[in-house]
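*Asks:* Generate a structure from the sequence data that follows.
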Amino acid sequence: MGHSGRVSKRKAQLRTFAEMLAAVPREPAPDPVTDEPARAGRRDDGTMADPAGRVYTCVRETVSATAALAAAAAGAVVVWDPCGCGGGCGFRWLGEAETARLVASGPPRIRCNKRRNGNISLWRSADGTVLLLAEDAVFWGDVLA
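*Replies:* Numbering: from 1, shown residues only. Down below sits the predicted model:
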């Protein structure tokens, strides 16, 4: 207020920080459980999502080389975790052409020794799509080497 008891024109135009925040349009925050966007790789709930957002659940923690070859030949999505860290470094998602090369090369070699522990697990989505996750010391043709 000035000397005359009136509010100056400049002060009348100023707004408090709270008033400015109240004027900003708000969108509701997504629910972290139900609205979680599908991100490729392992998820906190133990499932796995592909780059397209399809979510898979582990059906078998370990499958044989013969079973892996049969699943790949039947059209399974193949994912490779070359270091076996569980996806911390990222996964390599193979395309159809690379999967066809795997199938043409025969069954994979899965190595387990003191320093390396190869494994192939089988995952399935709600629509029936199958995913094979090859981890660490899995050698398959010239693609997983």
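
*Asks:* any low-confidence regions in the chain?
*Replies:* Where the chain drops to pLDDT under 70, the residues are 1-12, 21, 27-39.

*Asks:* Which parts of this protein are helices?
*Replies:* Taking DSSP state H as the criterion, the chain contains helices spanning 9-13, 17-23, 65-73, 96-104.

*Asks:* Take the ones you listed and write them to a markdown table, including mean neighbour count and distance to residue 42.
*Replies:* Yep, even glycine has a C-beta here, placed from its N, CA and C like the rest. As requested, the helices of the chain are exported to a markdown table (neighbours: other C-beta atoms under 10 Å; distance: least, C-beta to C-beta, whole Å):
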| stretch | mean neighbour count | distance to residue 42 |
| --- | --- | --- |
| helix 9-13 | 8 | 54 |
| helix 17-23 | 9 | 38 |
| helix 65-73 | 17 | 19 |
| helix 96-104 | 15 | 21 |
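
*Asks:* residue contacts, residue 88?
*Replies:* Listed by C-beta atoms under 8 Å, 6 or more residues apart in numbering, the contact set of residue 88 is empty.

*Asks:* Could you tell me how far it is located from residue 82?
*Replies:* Residue 88 is 12 Å from residue 82, where distance means C-beta to C-beta, to the nearest Å.

*Asks:* repeat for residue 67
*Replies:* Computed as C-beta to C-beta, the residue 67 to residue 82 distance reads 21 Å.
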